[in-house]
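> could you look at this predicted model? Sequence included:
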Amino acid sequence: MLLKRFMSSLMRVGLIVGVWLSVVDVSSAELKTEEIFPRIEAVSFASASLKKRKRAVVVLPEAWRSIKPADRRVLVILHGRGRHERSLVDDEAIRRQLLDSGLFVILPDGDDGWYINSPVRKQDVYETYLEEVLSKVAIKYDLPENGKQWAIAGWSMGGFGCVNFAERHPDRFAAVSPIIGLLDFPRNGLPEGQSYKVPVERFGTEEAEWAAFNPLTGAAQLKGMSVLIITADQAFDRTMNEHFRDRLTALELPHEYVELKGGHTFPVVRAAIPLVLAFTQRVLTRN
């Protein structure tokens, strides 16, 4: 019964075994688009999963219509807590880097949802919503179904979200790049200054159930993906990232680990974006 419900849920948003399906529920026909910068569009739609209108930003490569659909390379970037889908493109330096990357960049609006289906707030199904928005954007811009042409990244809450989502959709992405991500979370017991208060209104109060959401738990699902971990020497997430790095090492999963100077701050995100873009280009071009 649970499996049947799971498959039914995936069919509603158009995702089965890593393939985005062009079914009625994920049709892009009702999407509204607005150009906010040259080659950068905001798309909005009525989310069936969240029961409210949602937005995403899409950065398009130069002369993107001339790129064959099978050759289109896609990077999804999930924003941090307190940020939104425009946070990166509103930064002039980052906007130029995204425009010059040659990638289709999708920036969903994740609210404060941690990109999970909350066990507490049953209406907050942000994992299902993320499946939905990627399905709709993929249809709208005729993006490839092949997971080898997709990568996912994110910072802070979005760093947690991109790894968690990649683990739960292991055939969907070729590369994952968390930036100052909370990668050993939710949990208690980390060193002072190296922890983050668990939002129990989102994850619940039962610590025994938190492990299901902790990226350490599903790390083995990243087998076959290229992984770039970026943290900072003064960031409160550094220990979490070290734990995740050590977990991948124990599993004998190849990965790259970078420690920048700074804290858990947007300037570190700004410094990390060029590294993520270069890493993503390298992996997807190779594929």
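Nice, thanks for sending it over.
> use CA for all of it now, contacts and neighbours both
OK.
> how far does the strand or helix carrying V105 sit from the chain's center?
Following DSSP states H and E, one finds V105 within strand 104-108. With CA atoms, centre = their mean, to the nearest Å as the basis, strand 104-108 stands 9 Å off its chain's centre.
> same check on stretch 254-261?
Its chain's C-alpha centre and that of stretch 254-261 lie 18 Å apart, by CA atoms, centre = their mean.
> could you do stretch 43-52 as well?
That offset, for stretch 43-52, works out to 18 Å (CA atoms, centre = their mean).
> kindly report the same for stretch 61-69.
Mean-position distance between stretch 61-69 and its chain equals 23 Å (CA atoms, centre = their mean).
> just stretch 93-105 next, same as before
The answer for stretch 93-105 is 17 Å, by CA atoms, centre = their mean.
> could you tell me the end-to-end distance of it?
15 Å (CA to CA, to the nearest Å).
> give me the buried positions along it.
I94, R95, L98, L99, S101, G102, L103, F104, V105 (16 or more other CA atoms under 10 Å).
> these two touch, right, the third one and V105?
Yep, that's L98 we're talking about. Yes. Counting by CA atoms under 8 Å, L98 does reach V105; the two are 7.3 Å apart.
> packing partners of the strand holding V105?
strand 52-59, strand 74-78, helix 126-140 (3 or more CA pairs under 8 Å, 6 or more residues apart in numbering; DSSP states H and E).
> partner strands of it, parallel or antiparallel?
Here strand 104-108 is paired, per DSSP bridges, with strand 52-59 (antiparallel), strand 74-78 (parallel).
> re earlier: most packed of the helices and strands packed on strand 104-108?
Across the helices and strands packed on strand 104-108, averaging neighbours per residue (mean count of other CA atoms under 10 Å) puts strand 74-78 on top, at a mean of 25.
> what's the closest of the helices and strands packed on strand 104-108 to L182?
strand 74-78 (13.0 Å; CA to CA).
> if we can go back for a sec, who touches both of L98 and V105?
Shared contacts of L98 and V105 (CA atoms under 8 Å, 6 or more residues apart in numbering): V59.
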